[in-house]
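Participant: sequence first, then the predicted structure, then my questions.
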Amino acid sequence: MEAKIEVLEESLAEVRKTFRSGKTRSVSWRKNQLRALIQLINDNEDKVMKALYDDLGKHPVEAYRDEVGVVLKSINYALNNIDKWTAAKKSSLPLLFFPAKGEVLPEPFGVVVIFSSWNFPIAMALDPLIGAISAGNTVVIKPSEQASACSAFLAHYIPLHMDSKAIKVIEGGAEISELLLQQKWDKIFFTGSPRVGRIVMTAAARHLTPVTLELGGKCPTILDSLSDPRDIKVAVKRIVAGKWGPCSGQACIGVDYMLVEEKFAPVFIELAQGIIKRCFGEIPKETKRMARIVNKHHFERLRNLIEDPLVADSIVYGGSLDEENLFIEPTILLNPPLDAEIMTEEIFGPLLPIITLRNIQESVEFINSRPKPLAIYAFTKNEALKGKILSETSSGSVTFNDVMVQFLCDELPFGGVGQSGFGRYHGKYSFETFSHEKAVMHGSFFPEIGPRYPPWNDFKQKFIRLGYALDYFGLLLLLLGIKR
């Protein structure tokens, strides 16, 4: 452990020294690092795919869609916009401050640490890195040890392609994470569970370090009783693909549970069964179109959810488990007890509870009775219901008539609220997350207004009061004794 501490301290000393040198503030340095990251991925895409398969059993198409493609898209977006992002923005000042000029200048925080998650181990490490580099920071990445192959890949290849004095990858388990949290950082970016998020925030408070927490939550999907059979089929297909496609449901923005009217539940279940078979095969574990559960601990956690005696009877489809291969088939449950763990904790796996309501309008009250989710999905053409969801619920995001696609949009911020996290990133929002916006005012030596200085008198008090009520020219006219 002493050797690890020594290596960690040396790494931190080097990234701090690099930041103080000022080299990372150069826009050309930032662009070069982003281009180097593109080259890293392009040169080693096959190795990325293998690492993702070794850790999670991800199919190459899924791996490209959810990880490699996401990162490449984000890098190119940053490269196309970084000159605009880094430029000082003029601020329009009130006439009271004339002839002063104002601007807002983005500057890097300094030395930042990124704790990434195991479910999307490449994207969740590199996507925040893009924002941190674009903003001009030096960075330490702590990959999740639960995705060991991807962690080893990042630790080996990032120093070969990128500035190793400014960007470090530090591997290890919980003890290394704890050591990192004891250090003084200029910014902490964490992706993971609310439980660990509390630990991160507690550690950050010691040094008053700003934190972005990308956590999870139970993301609900509202399925209205659509009248058009084509709309129903599209909705069910998107829900099935969104629930079981990305990492077998091991996704923070994945569908956690569904809310439907009682009369519509049988329609969904019947359609979903057929679509599951078409997407993932009659025997999904043999088609290898689904990722596996990341490790035995999480497999046992999910097993306990559905083997709960109060829950087992609610399974209407699936439910088989393969412990040896860490595989759980797509499983649908109908009205499990609301106080069961499957309905109180984030599932993070291929289990889909369906909760039936007498009227779909009740879905808003149901969602509001629980912690604020990272995302709400709603399939409906009812504009009144849409308005009710937007105005009466709180969540990191709302997506109508689709699932999870909001994560891919660089033009929209991604982040949580309340227990699902705080802070935001993606596109320009990533740049802003890793930047401090410094207010700059350029003053002038003229005019010099006497009433701003002591000694005080009644005239100066009147002048100051009017100053807050009038604009600059109003004060000037007042001084000259001219009425408007």
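Facilitator: Arrived safely, thanks for sending.

Participant: ok, residue 343 to residue 308 distance?
Facilitator: Computed as C-beta to C-beta, to the nearest Å, the residue 343 to residue 308 distance reads 11 Å. All C-beta spots, glycine's among them, are computed from the backbone N, C-alpha and C.

Participant: next: residue 465.
Facilitator: Distance from residue 465 to residue 308, by C-beta to C-beta: 68 Å.

Participant: and what of residue 373?
Facilitator: With distances taken as C-beta to C-beta, residue 373 is found 22 Å from residue 308.

Participant: compare the two (neighbour count), which wins?
Facilitator: Between residue 373 and residue 308, counting by other C-beta atoms under 10 Å, residue 373 is the more crowded of the two (28 against 15).

Participant: SS state for the more buried one?
Facilitator: Secondary structure, DSSP: H, G, I helix; E, B strand; the rest coil: residue 373 is coil.

Participant: list the buried ones in stretch 218-227?
Facilitator: For stretch 218-227, the neighbour count (16 or more other C-beta atoms under 10 Å) marks 218, 219, 220, 221, 222, 223, 224, 225, 226 as buried.

Participant: residues contacting the spatially closest residue to residue 398 that is not a sequence neighbour?
Facilitator: Once flanking residues are discounted, residue 398 sits nearest to residue 376: 4.9 Å by C-beta to C-beta, 6 or more residues apart in numbering. Contact partners of residue 376, counting by C-beta atoms under 8 Å, 6 or more residues apart in numbering, are 219, 220, 221, 222, 367, 389, 393, 395, 397, 398, 399.

Participant: give me that answer again for 7 Å
Facilitator: 219, 220, 367, 389, 393, 395, 398 (C-beta atoms under 7 Å, 6 or more residues apart in numbering).

Participant: pull out the buried residues from the residues you listed.
Facilitator: Among the contacts of residue 376, those classed as buried by 16+ other C-beta under 10 Å are 219, 220, 367, 389, 393, 395, 398.

Participant: so what's the fifth one up against?
Facilitator: Going by C-beta under 7 Å, 6+ apart, residue 393 touches 364, 367, 368, 376.

Participant: skip the chain neighbours and tell me the closest residue to residue 249.
Facilitator: Once flanking residues are discounted, residue 249 sits nearest to residue 350: 4.4 Å by C-beta to C-beta, 6+ apart.

Participant: how about the helices in the stretch 151-300 of the chain?
Facilitator: Using DSSP state H, counting those that start in this stretch, the helices of the stretch 151-300 of the chain run over residues 174-182, 194-206, 229-244, 265-280, 284-287, 296-307.

Participant: one step back: in three-state terms, label the residue nearest to residue 398 for me.
Facilitator: Assignment for residue 376 (three-state DSSP): strand.

Participant: distance of it relative to residue 242?
Facilitator: 13 Å.

Participant: ok, which stretches of the stretch 101-250 of the chain are strands?
Facilitator: Here the stretch 101-250 of the chain has its strands, by DSSP state E, counting those that start in this stretch, at 101-108, 111-115, 138-142, 167-169, 187-191, 211-214, 220-223.

Participant: would you mark the buried spots in stretch 15-34?
Facilitator: Buried residues in stretch 15-34 (16+ other C-beta under 10 Å): 15, 16, 18, 19, 24, 29, 30, 31, 33, 34.

Participant: what sits up against the helix or strand hosting residue 62?
Facilitator: Per DSSP states H and E, residue 62 falls inside helix 60-63. Applying C-beta under 7 Å, 6+ apart, the external contacts of helix 60-63 come out as 49, 52, 245, 291.

Participant: average pLDDT for the helix ranked longest in the chain?
Facilitator: For the chain, the longest helix by residue count, based on DSSP state H, is helix 2-21. For helix 2-21, mean pLDDT is 89.

Participant: what angle sits between the helix or strand that that helix is followed by and strand 101-108?
Facilitator: Downstream of helix 2-21, the first helix or strand assigned by DSSP H and E is helix 27-43. Angle, helix 27-43 to strand 101-108, by axes from the mean of the first three to the mean of the last three C-alpha atoms, to 10 degrees: 40 degrees.

Participant: need the contact partners of helix 27-43.
Facilitator: Here helix 27-43 makes contact (C-beta under 7 Å, 6+ apart) with 23, 48, 68, 71-72, 75, 78-79, 82-83, 86, 126, 130, 133-134, 136, 157-158, 161-163.

Participant: could you rerun that using 8 Å?
Facilitator: The contact list for helix 27-43, computed with C-beta under 8 Å, 6+ apart, reads 23-24, 48, 68, 71-72, 75-76, 78-79, 82-83, 86, 126, 129-130, 133-134, 136, 157-158, 160-163, 166-167.

Participant: which is the succeeding secondary structure element to it?
Facilitator: As assigned by DSSP H and E, the chain's next helix or strand after helix 27-43 is helix 45-56.

Participant: what does that next one rub up against?
Facilitator: Helix 45-56 has contacts (C-beta under 8 Å, 6+ apart) with 41, 58, 60, 63-64, 67-68, 118-119, 121-122, 146-150, 152-153, 157, 247, 250, 291-292, 294.

Participant: what's the neighbour count on residue 396?
Facilitator: The number of residues packed near residue 396 is 26, by other C-beta under 10 Å.

Participant: hmm, back to that, any idea how far the longest helix of the chain is from the middle of the chain?
Facilitator: 27 Å (C-alpha atoms, centre = their mean, to the nearest Å).

Participant: let the chain start at 21 from now.
Facilitator: Let's use 21 as the start, then, which means that last one is helix 22-41.

Participant: dump the C-alpha coordinates for that helix into PDB.
Facilitator: Output in PDB follows, covering the C-alpha atoms of helix 22-41 (Å, rounded to 0.1, in the frame of the first residue of the first chain):
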ATOM      1  CA  GLU A  22       2.900   2.400   0.800                       C
ATOM      2  CA  ALA A  23       4.200   1.900  -2.800                       C
ATOM      3  CA  LYS A  24       0.700   2.700  -4.200                       C
ATOM      4  CA  ILE A  25       0.500   5.900  -2.000                       C
ATOM      5  CA  GLU A  26       3.900   7.000  -3.300                       C
ATOM      6  CA  VAL A  27       3.000   6.500  -6.900                       C
ATOM      7  CA  LEU A  28      -0.300   8.300  -6.400                       C
ATOM      8  CA  GLU A  29       1.400  11.300  -4.700                       C
ATOM      9  CA  GLU A  30       4.000  11.500  -7.500                       C
ATOM     10  CA  SER A  31       1.200  11.400 -10.100                       C
ATOM     11  CA  LEU A  32      -0.700  14.200  -8.400                       C
ATOM     12  CA  ALA A  33       2.400  16.300  -8.000                       C
ATOM     13  CA  GLU A  34       3.100  16.000 -11.700                       C
ATOM     14  CA  VAL A  35      -0.400  17.000 -12.800                       C
ATOM     15  CA  ARG A  36      -0.400  19.900 -10.400                       C
ATOM     16  CA  LYS A  37       3.000  21.100 -11.700                       C
ATOM     17  CA  THR A  38       1.800  20.700 -15.300                       C
ATOM     18  CA  PHE A  39      -1.300  22.800 -14.700                       C
ATOM     19  CA  ARG A  40       0.800  25.500 -13.000                       C
ATOM     20  CA  SER A  41       3.000  25.600 -16.100                       C
END
